[in-house]
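Need coordinates for the below:
(2 chains)
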Amino acid sequence: MDVNAFVEGFGVVLQPSNLLFCLIGVLIGMFIGVLPGLGPAATIAILLPVTYTIEDPVTVVIMLAGIYYGAQYGGTITSVLLRLPGEASSVVTVFDGFALAKKGKAGTALGIAAIGSFTGATVSIILMSLIAPLIAGWALGFGPPEYAALALLGVLLVATVGNGNALKALITAAVGLLLATLGRDSFTGTERFTFDSLQLADGLNFVVIAMGLFGVAEILHNLEQRAGKAQPPAVVGNVWPNKAELKQSSGAIGRGSVIGFVLGVLPGGGAVLASLVAYAAEKRRAKDPSRFGRGAIEGVAAPETANNAAATSSFIPLLTLGIPANASIAMLYAALLIAGVRVGPSLVEDNPDIFWGVINSMYIGNLFLLLLSIPLVGIFVRLLRVRPAILAPLTALITVLGVYTLNNSVFDIFVMMFFGVVGYLMKKTGFEPGPLVLAFVLGALVEDNFRRSMLIFGGDPLGFFTRPISATLLVVFVIVAVLPLVKLVLDRRTAALAHDNSKREDVTL
Amino acid sequence: MTILIGYVPTPEGEAALDAGLREAGLRGEDAVILNSPRRGVPVDGSLLDSAASSTLIQRAKDAGVTATVDQAEHGSHLVDTFVSLAEKHSVTLAVIGLRRRTPVGKLVMGSNAQRLLLELPVPVLAVKPS
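Below you'll find the predicted structure:
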């Protein structure tokens, strides 16, 4: 690790303007973390156009990153106090968090969650500071074939790793890949699927699609949700957990950090998956699993630690390989593209201020969050007094204005609305928009690099297997693709065998 | 025969509650305490939890009045909830608390108190905190 660059990164973060935007970012993050229905991906999408006016790309990314990890803190508050998960990554916190609140220990649950979040994030940042430059250095040797294989593996992982229906995720990812082919071919200039429309000639803008699928679709979906009955404001008592509670949850926090870090790096993983897995792991390890769901402090500590650790570590593939691991990170990728920064393994060398500035801003941002999250709980709960009927038109207005300012194009507004409706229908039918957006981003990477490699190999596809890294990646790709099928066949066979056995028993009887 | 008391945990609400309970004691009638949350909001700051509502009922009991707490929701017009409760409980008097509003504030935000005074079909007693 280049210690000088690391220290200079702190110099970048400590500039007053960057500190200010870091604070603004984490505050917005907490704000939208509290509001159910508005996730970090949607918020970053909506706020992207606002960031054009900021000159320095470092400042933009510091703020947007703050939104992403800040949202993980905010989601906890409503999960614990009101049984309303503000974020998808805080859904599992509801079970034990709300049970603790009913016992009058809401403060303790929030305190443990804040400590866990801080620890998880910090462990993750330290590991990232150590590992990221190594990965970037190793990836410097990547040529087009390696990138093509890596992006292809990324598409597959995005579709299979996520939670939910793998088949539906594969379908959405395939649609994303198809959409990526729209527009003028970058090698030959042939127009594809443009229907002679000038507006489609440059292909679809990634930001427009994301704003539609996350922003507009989210707004439509929320409008449909019937609001539950209003709840009285909750009172938060003593925040500091006692020694026994700290001791009880320290193991969960440690394991949550590791689980979160590992799952955050995986494409398609991220905070949501990490929180689910960490909760399940704690429940499995516990001597008395029945405590979970009835106010086990580990049930709050583990998922809250893991989601912050994952939110942090999911920056690794972006900053070192230029591959976004989940939807929120994809929005950050878009921000960097708009700012004209080439994201990839050379980022550490070319723009050390961005690389280390972003990583080091997380140390500071998490400190802000730890200090702010508990004292501001009252204010954040107050936010929920705003009716969705007021919030929805405001967000819709900002989204439409924002997408127009991207290219001053009215056509973009219609494209966004189209994808808004598509995203809404996808939500209704159980398709996640995440894989589509990620496959769209990765699709362009796969295509460009595949065509470039074919030029290198003189049109021989076996060339991919002559290079060690691309060959390994492709083998992993095949394993990941075939494994579920093999498992399916094996399951069927064992089921059939069991069936046969029972028949035989019938005969002997 | 009941007396309807509009209550929120503020000095105005307290004044209305005191006056309403006193009036109910004098007339020998029951009281319905209306603590109405806004429809559609996840959290309402003036909504009472169950402990606070039982304190209110206990306070009424101490004043010699049988009271119930009703937490019917209200939409854009609070007065509708008052009217429906007034019909349901055959209310003889509604008691509300008044607060100071500037003319501009009233123009922008409107005034629930004014609507109640003008539109409720039963007599309205409006009190101010001391």
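
wait, what's in contact with the nearest residue to A:Arg467 once chain neighbours are set aside?
Leaving aside its chain neighbours, A:Arg467 sits nearest to A:Pro145 (5.5 Å; criterion: C-beta to C-beta, 6 or more residues apart in numbering or on different chains). C-beta: built from backbone N, CA, C; applies to glycine. In this structure, A:Pro145 makes contact with A:Asn449, A:Ser453, A:Ile456, A:Phe457, A:Gly463, A:Phe464, A:Arg467, A:Ser470, judged by C-beta atoms under 8 Å, 6 or more residues apart in numbering or on different chains.

Buried subset of the residues you listed, written for PyMOL?
In PyMOL syntax, the buried subset of these is picked out as below (16 or more other C-beta atoms under 10 Å in any protein chain shown):
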select buried, chain A and resi 449+453+457+463+464+467+470
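
average pLDDT for the helix or strand in which the residue nearest to A:Arg467 is found?
A:Pro145 belongs to helix A:144-161 when assigned by DSSP states H and E. Per-region confidence: helix A:144-161 scores 86 on mean pLDDT.

and which of the contacts of A:Pro145 is nearest B:Arg100?
Here the nearest of those to B:Arg100, counting by C-beta to C-beta, is A:Asn449; it sits at 69.3 Å.

which residues sit in contact with the closest one?
A:Pro144, A:Pro145, A:Tyr147, A:Ala148, A:Ala151.

Could you tell me whether it really is in a helix?
Yes - applying DSSP: H, G, I helix; E, B strand; the rest coil, one finds A:Asn449 inside a helix.

re earlier: export the helix holding A:Pro145 to CSV, keeping only CA atoms.
What follows is helix A:144-161, C-alpha atoms only, in CSV (Å, rounded to 0.1, in the frame of the first residue of the first chain):
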residue,chain,number,x,y,z
PRO,A,144,-9.9,-7.1,-23.0
PRO,A,145,-10.2,-10.9,-22.8
GLU,A,146,-10.0,-10.8,-19.0
TYR,A,147,-12.5,-7.9,-18.8
ALA,A,148,-14.9,-9.7,-21.1
ALA,A,149,-14.8,-12.8,-18.9
LEU,A,150,-15.0,-10.9,-15.7
ALA,A,151,-18.0,-8.9,-16.8
LEU,A,152,-19.7,-12.0,-18.1
LEU,A,153,-19.2,-13.7,-14.8
GLY,A,154,-20.5,-10.5,-13.2
VAL,A,155,-23.7,-10.7,-15.2
LEU,A,156,-24.2,-14.3,-14.1
LEU,A,157,-23.5,-13.6,-10.5
VAL,A,158,-25.8,-10.6,-10.4
ALA,A,159,-28.6,-12.8,-11.7
THR,A,160,-27.9,-15.8,-9.4
VAL,A,161,-26.5,-14.4,-6.2
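
coming back round to it: mind putting the contacts of A:Asn449 in JSON lines, distance to A:Ile374 included?
Shown next, in JSON lines, are the contacts of A:Asn449 (distance: C-beta to C-beta, whole Å):
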{"residue": "A:Pro144", "distance to A:Ile374": "50"}
{"residue": "A:Pro145", "distance to A:Ile374": "51"}
{"residue": "A:Tyr147", "distance to A:Ile374": "44"}
{"residue": "A:Ala148", "distance to A:Ile374": "47"}
{"residue": "A:Ala151", "distance to A:Ile374": "42"}
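
Now list the buried members of those.
Buried, going by 16+ other C-beta under 10 Å: A:Pro144, A:Pro145, A:Tyr147, A:Ala148, A:Ala151, out of those.

wait, which of those is closest to B:Asn112?
A:Ala151 (59.5 Å).

Tell me the helix or strand right after the lengthiest strand in chain B.
In chain B, assigned by DSSP state E, the strand with the most residues is strand B:91-97. Once the chain leaves strand B:91-97, the next helix or strand it forms, by DSSP H and E, is helix B:103-109.

and that next one, anywhere near chain A?
No - shown here: helix B:103-109 not in contact with chain A (C-beta under 8 Å from any C-beta of the partner chain), separated by at least 13.7 Å.

do the same with stretch B:78-91
No - figure legend: stretch B:78-91 not in contact with chain A (C-beta under 8 Å from any C-beta); closest approach 13.2 Å.

For the chain, which residues score under the pLDDT cut-off?
Because you didn't say which chain, this covers chain A. A:1, A:162-164, A:226-228, A:500-509 (pLDDT under 70).

wait, chain B
For chain B, no range has pLDDT under 70.

Up against chain A, what does it have?
Counting by C-beta under 8 Å from any C-beta, chain B sits next to chain A at B:37-45, B:47-49, B:52, B:73.

Dead centre of chain A: give me the residue that sits there.
A:Asn326 (4.0 Å; C-alpha atoms, centre = their mean).

Who are the contact partners of it?
A:Pro267, A:Gly268, A:Gly269, A:Gly270, A:Ala271, A:Ser314, A:Gly434, A:Leu438.

Am I right that the first one is in a helix?
No - secondary structure assignment (three-state DSSP) places A:Pro267 in coil, not in a helix.

From B:Leu118, how far out is the residue of chain B most remote from its centre?
In chain B, the residue that sits farthest from the middle, by C-alpha atoms, centre = their mean, is B:Val104; the gap is 24.7 Å. To B:Leu118, B:Val104 is 20 Å away according to C-beta to C-beta, to the nearest Å.
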